[in-house]
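Undergrad: A predicted structure for the sequence below; I have some questions about it.
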Amino acid sequence: MEGDIQAGLKHAMRVYPQGVTVVTAGGRGGPVGLTVSSFTSVSLNPPLVLVSIAKSSGVYEELKGAQAYAVNFLADDQKIVSDRFAGRTGGKDRFEGMKFARGATGSPVIAGARAVLECKAWKVYDGGDHSLFVGEVVVAKTFNSKRPLVYYSQQYTTTEHMEYPAPPSDIVW
Ligand SMILES: Cc1cc2nc3c(=O)[nH]c(=O)nc-3n(C[C@H](O)[C@H](O)[C@H](O)COP(=O)(O)O)c2cc1C
């Protein structure tokens, strides 16, 4: 019965399109990051956002101990970045050969991302086999006018093109 619910939940979630982010942190032994689609904004005042991270993830403890992290919104030409940070491409160091800058909080900001939210760790709530990381946004930047990367039905896709102005970024990669 429980298995049926889990299978049903997984199947239903597949038909729910989600944007793709990479959550990064400075890391004690070097930068860490993982691909995350369970992102949402929570509050404007204070400005809070949430990501749900599996407790089994190799970077879980590092993220839990981090004082700050960044949520990088991927663009549709960054499928390879998503696969890399989901551990799908092999290789130990996910940042190897990856262009990134350190943001104001010291968190890695991935070059070519559509936008970034840098967060101060605010609270972590229990969420079953995941934890809900709520962060206070201290820097919010939009970099370009690329289409967003979207995950739907276990595949990458994007939206129909709509033009949005991209405010200039002061980050230099
Ligand atoms: C499109 C996509 C979305 C993902 N979303 C999440 C998520 O919201 N939370 C999460 O914990 N893992 C998510 N993952 C899986 C993690 O990226 C993956 O399990 C992790 O990078 C594995 O890290 P580890 O090898 O260090 O355990 C997602 C993977 C993909 C491809």
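TA: On my side now, so go ahead. Here the structure is a predicted model, which means the values were calculated and not measured.

Undergrad: Looking at this protein, what residue ends up closest to the ligand?
TA: Nearest to the ligand in the chain, going by Cβ to the nearest ligand atom, is residue 58, at a distance of 2.5 Å. (C-beta placed from N, C-alpha, C; glycine too.)

Undergrad: got a list of what that residue touches?
TA: Shown in contact with residue 58 (Cβ atoms under 8 Å, 6 or more residues apart in numbering): residue 87.

Undergrad: Read off the pLDDT value for it.
TA: pLDDT for residue 58: 95.

Undergrad: Please report how far it lies from residue 116.
TA: 23 Å (Cβ to Cβ, to the nearest Å).

Undergrad: Chain neighbours aside, what residue packs nearest to residue 111?
TA: Leaving aside its chain neighbours, residue 111 sits nearest to residue 99 (3.8 Å; criterion: Cβ to Cβ, 6 or more residues apart in numbering).

Undergrad: and the one you found, how far is that from residue 88?
TA: Counting by Cβ to Cβ, the gap from residue 99 to residue 88 is 20 Å.

Undergrad: thinking again about what came up before, list phi and psi for the residue of the chain closest to the ligand.
TA: Backbone torsions for residue 58, taken as degrees, to the nearest 10, come to phi -60, psi -20.

Undergrad: repeat for residue 65
TA: Torsion angles, degrees, to the nearest 10, at residue 65: phi -90, psi -10.

Undergrad: Need the pLDDT of it.
TA: For residue 65, pLDDT reads 97.

Undergrad: quick one, what contacts it?
TA: residue 28.

Undergrad: hang on, residue 10 is in a helix, isn't it?
TA: Yes: looking at residue 10 with DSSP: H, G, I helix; E, B strand; the rest coil, it is inside a helix.

Undergrad: Which pLDDT value belongs to it?
TA: You'll see residue 10 listed with a pLDDT of 95.

Undergrad: count of neighbours near it?
TA: 10 (other Cβ atoms under 10 Å).

Undergrad: Also residue 142?
TA: 16.

Undergrad: That one and residue 171 touch, don't they?
TA: No: the pair residue 142 / residue 171 is not scored as a contact, 11.4 Å apart, by Cβ atoms under 8 Å.
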